[in-house]
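# Give me a model of this one.
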Amino acid sequence: MSRIGKKIINLPQNTDIQIIDNNVYIIGPKGKLSYQLPKVITIKYNKENQTLNLYKVHENKEAQKLYGLSRTLIHNMIIGVSKGFEKKLHIQGVGYRSQIQGRNLILNVGYSHPVVIEPPEDILISVENNTHITIKGIKKEKVGEIAAQIRRIRPPEPYKGKGIRYLNEKIHLKVGKAGK
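A predicted model of the protein is given here:
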């Protein structure tokens with residue numbers, strides 16, 4: 001039984017919502033997002049309290065699965081258009097650095113060639129101090145996917161800790177081979 005689906009979603013002051021049939025459109029200062037609700041879920045908007053409630057049409061497994069998921073996706077959309085999402089990465093290693101050229105991110109992380117990453121149009125990438133990368137956007141899934149894609153280029157290795165990691169990510173370092 002989903003407890004997440006029962007929670008009320010509060011809308012911030014700067015966010016507007018439109019519900020047309022089973023489509024939910026959320027408009028905020030950062031942009032506009034839409035989501036098509038499954039047929040087994042309905043939504044009710046209370047204008048006085050600025051709240052949203054989701055309800056199941058039928059009590060079956062399919063509705064139960066989609067109940068909490070739909071609530072979470074709509075809540076993430078509201079946060080995205082009002083505040084936005086961001087992920088921070090840190091590059092660690094001698095000679096490892098990053099830079100922005102136009103919209104593209106260029107990484108020099110120990111390969112014989114620089115790695116170029118072209119972000120999607122709704123994602124903004126910025127670099128501070130050549131070693132800190134910030135990814136910002138309104139879609140939580142895309143921000144996380146781009147951050148994971150960048151980290152995948154040179155994941156932190158377990159002996160010296162060199163590589164690209166999330167900010168505040170703990171890497172458990174292994175002890176090297178003991179020489180005689």
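# Tell me how many other residues crowd residue 41.
Using other CB atoms under 10 Å, residue 41 is surrounded by 21 other residues. For the C-beta atoms, the positions are set from N, CA and C on the backbone; glycine is no exception.
# nearest residue to it other than its sequence neighbours?
Nearest residue to residue 41 in three dimensions, chain neighbours excluded: residue 70, at 5.0 Å (CB to CB, 6 or more residues apart in numbering).
# Report the secondary structure state of that neighbour.
Using DSSP: H, G, I helix; E, B strand; the rest coil, the structure places residue 70 in helix.
# what about the closest residue to residue 72 other than its chain neighbours, how many neighbours?
In space, and not counting its chain neighbours, residue 72 is closest to residue 4: 6.2 Å by CB to CB, 6+ apart. Counted by other CB under 10 Å, the residues lying close to residue 4 total 13.
# Next: residue 168.
Residue 168: 7 neighbours (other CB under 10 Å).
# gap between it and residue 54?
Separation of residue 168 from residue 54 (CB to CB, to the nearest Å): 33 Å.
# which residues touch the residue nearest to the spatial centre of the chain?
Central residue of the chain (CA atoms, centre = their mean): residue 140, 2.7 Å from the mean position. Residue 140 makes contact with 76, 79-80, 85 under the criterion CB atoms under 8 Å, 6 or more residues apart in numbering.
# Equivalent analysis for residue 156, please.
Contact analysis of residue 156 by CB under 8 Å, 6+ apart lists 92, 162-165, 169, 171.
# Model confidence for it, exactly?
We note a pLDDT of 93 for residue 156 in this prediction.
# And for the closest residue to it other than its chain neighbours, the neighbour number?
In this structure, residue 156 finds its nearest non-sequential neighbour in residue 163, 3.8 Å apart by CB to CB, 6+ apart. By the other CB under 10 Å criterion, the neighbourhood of residue 163 contains 20 residues.
# all helices for this structure, in order.
Listed from the start of the chain, the chain has helices (DSSP state H) covering 61-82, 140-153.
# I'd like the mean pLDDT over stretch 31-40, please.
For stretch 31-40, mean pLDDT rounds to 92.
# Let me see the ranges of the strands in this protein.
Under the criterion DSSP state E, the chain carries strands at the ranges 9-10, 16-20, 23-28, 31-36, 41-46, 51-56, 85-92, 97-101, 104-108, 115-117, 123-128, 132-137, 163-166.
# Now do the buried residues in the fifth one.
When neighbours are counted by 16 or more other CB atoms under 10 Å, the buried residues of strand 41-46 are found to be 41, 43.
# Tell me which of the strands of the chain sits nearest to residue 147.
With CB to CB as the criterion, residue 147 lies closest to strand 85-92 of those, at 3.9 Å.
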